[in-house]
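*Asks:* Structure of the sequence below:
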Amino acid sequence: MRRVKLEFCGLSEVVGSNGMAVILLSDVGKHRMLSVVCDGIMKYQIGLRCADSKLRLRLLPEVLLDILGDNVEIERFEACIYNLADGEYKTVIRDMYTFKEYPIRLSDAILMSKINGIGLFMEESLFLLQSMPYSDSADRLAIPINTLGTARLENELKKAIDEENYRLASQIQDELNKRRGQEENKPKE
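*Replies:* Numbers count the residues shown, from 1 in each chain. Next comes the predicted model:
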């Protein structure tokens with residue numbers, strides 16, 4: 001499978017969302033960009049790494065990754081986004097020597113990449129489906145509806161109906177119905 005190498009482009013707070021933020025990633029050539037929703041805690045953590053601060057050198061993630069780097073070649077690891085299910089990008093940290101995979105939240109993989117430069121990749125077909133043309137001057141960002149959690153979608157559906165935005169309500173309802181259909185078709189364990 002073909003993959004796209006991603007790089008961090010920025011972080012933007014979502015107005016009126018109780019701390020939610022959007023992480024912006026792009027391909028290395030800056031042709032397309034991807035928006036990833038994160039919570040306020042991750043916004044703060046990534047924001048710390050964007051600031052030029054000596055404090056961050058003593059933070060637990062940095063210290064742990066330094067210890068790891070002293071004991072193994074950090075270049076042997078990469079983060080790979082391989083799927084999207086139930087509003088969440090499925091991501092793993094992959095050991096390229098042993099091919100062992102460690103599931104991780106995408107926002108945590110982005111933080112790890114920001115701290116120690118671990119490569120961040122996405123399956124090309126997924127990237128093309130979820131990304132939009134790159135713009136370094138966008139004043140509004142599109143967040144694909146299929147990347148939002150079900151609870152958030154249900155809240156947004158109520159809000160759209162209250163605001164009489166029936167076109168948006170219909171799109172949200174379609175996504176919720178699609179997810180419910182997928183749940184019903186899952187094999188029982």
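*Asks:* I'd like the average pLDDT over stretch 94-112.
*Replies:* On average, the pLDDT along stretch 94-112 is 97.
*Asks:* Which residues outside that stretch are in contact with it?
*Replies:* 8, 23, 25, 36, 38-39, 42, 45-46, 49, 61, 65, 76-81, 88-93, 118, 120 (CB atoms under 8 Å, 6 or more residues apart in numbering). Using the backbone N, CA and C atoms, a C-beta is placed for each residue, glycine as well.
*Asks:* for that stretch, which positions count as buried?
*Replies:* Neighbour counts using 16 or more other CB atoms under 10 Å place 94, 104, 106-112 of stretch 94-112 among the buried residues.
*Asks:* what do you get for stretch 4-14?
*Replies:* Buried residues in stretch 4-14 (16+ other CB under 10 Å): 4, 6, 8-9, 11.
*Asks:* What ranges does this protein have for its helices?
*Replies:* 40-50, 60-71, 106-116, 124-130, 150-162, 166-185 (DSSP state H).
*Asks:* which one of these has the lowest average pLDDT?
*Replies:* helix 166-185 (a mean of 78).
*Asks:* for that one, packing partners?
*Replies:* Here helix 166-185 touches helix 150-162, going by 3 or more CB pairs under 8 Å, 6 or more residues apart in numbering; DSSP states H and E.
*Asks:* Distance to Lys30 for the helices of the chain - can I get that in JSON lines?
*Replies:* JSON lines is the format used below for the helices of the chain (distance: least, CB to CB, whole Å):
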{"stretch": "helix 40-50", "distance to Lys30": "18"}
{"stretch": "helix 60-71", "distance to Lys30": "27"}
{"stretch": "helix 106-116", "distance to Lys30": "17"}
{"stretch": "helix 124-130", "distance to Lys30": "13"}
{"stretch": "helix 150-162", "distance to Lys30": "29"}
{"stretch": "helix 166-185", "distance to Lys30": "29"}
